[in-house]
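Asks: Have a look at this fold, sequence not included:
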Ligand SMILES: C[S@@+](CC[C@H](N)C(=O)[O-])C[C@H]1O[C@@H](n2cnc3c(N)ncnc32)[C@H](O)[C@@H]1O
């Protein structure tokens, strides 16, 4: 009877899979199959995270304790909002820990970010735009953040070098944002795609942060060029 049950289940899930794959390009089919097999995708559904990237931040934060109750956080490239979900929990910005200090989470993205209790979102905003910096200054308590997070990424063109350079330029713009809103001793976590300009970004970060390290969480796919720089102990640049 169990054999019959499992055979039926297997048959049913195979039919569902075939339906999902129908009409898709080869690249889309590969992506879909990878999603279906990915344990982090399954876990993100089970734990109500908006996407699997939540586990990258959870892992980094478990190790480095970046996010503390009461902290103010700017989440750059926040859509669809999984990192903000993690930040809201960890800094207690929804006030779910009544005895803990209440933090602030502000997410920014070019795209629409669906609302989230405990977070303030600037949808359709460009993080590199000076007008966005102005809005962040107004929204942050005392105009200051303890942490800037960035999981920003440009739309991949397929040309690895070009995408790498574009993302590095976006990360460099975060140093200007830090100058405006990051408090002394604050932290910046930013995603980059590894390549020839990574050392340039690392040097620029090292000029204004006391420590800079590269992080590759387990949840980041092994075959991707994705890395994070974790820069800590911000000191304002000498002018
Ligand atoms: C990998 S997704 C971020 C996922 C997010 N961390 C999460 O956990 O839900 C990258 C995001 O960066 C955003 N992005 C790219 N360039 C941006 C810019 N200049 N300003 C704001 N957001 C940007 C994209 O729109 C995209 O939503």
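Replies: Nice, I can see it. These numbers come from a predicted model, not from an experiment.
Asks: tell me the pLDDT at the most centrally placed residue in the chain?
Replies: The structure's the chain has its C-alpha centroid closest to residue 151; by CA atoms, centre = their mean the separation is 3.4 Å. In the predicted model, residue 151 carries a pLDDT score of 98.
Asks: surely it meets residue 77?
Replies: Yes - using CB atoms under 8 Å as the test, residue 151 is close enough to residue 77 to be in contact (5.2 Å). The way it works is simple: take the backbone N, C-alpha and C, and place the C-beta from them, glycine included.
Asks: Give the full set of residues in contact with the residue in the chain positioned nearest to the ligand.
Replies: Of all residues in the chain, residue 77 sits closest to the ligand, with a separation of 2.8 Å (CB to the nearest ligand atom). With contacts defined as CB atoms under 8 Å, 6 or more residues apart in numbering, residue 77 is in contact with 108, 109, 127, 150, 151, 152, 153.
Asks: again, only this time at 10 Å
Replies: Under the criterion of CB atoms under 10 Å, 6 or more residues apart in numbering, the contact partners of residue 77 comprise 83, 107-111, 113, 127, 149-154, 170, 190-191.
Asks: what's the answer for residue 191, then?
Replies: Residue 191 makes contact with 53, 56, 76-77, 149-153, 167, 170-171, 215, 220, 226-229, according to CB under 10 Å, 6+ apart.
Asks: same deal with residue 170?
Replies: Shown in contact with residue 170 (CB under 10 Å, 6+ apart): 76, 77, 126, 127, 128, 150, 152, 153, 154, 190, 191, 192.
Asks: Please report phi then psi for the second one.
Replies: Backbone torsions of residue 77, given as degrees, to the nearest 10, read phi 70, psi 50.
Asks: Please report how far it lies from residue 127.
Replies: From residue 77 across to residue 127, the span is 7 Å (CB to CB, to the nearest Å).
Asks: Which residues are in contact with each of those two?
Replies: In the contact map built from CB under 10 Å, 6+ apart, the residues linked to both residue 77 and residue 127 are 108, 109, 110, 150, 152, 170.
Asks: could you pick out which of these are near the ligand?
Replies: Among the shared contacts of residue 77 and residue 127, the ones lying close to the ligand by the criterion of CB under 6 Å from any ligand atom are 108, 109, 110, 152, 170.
Asks: who wins for most neighbours among the residues you listed?
Replies: Tallying neighbours with other CB atoms under 10 Å puts residue 108 at the head of these, with 27 neighbours.
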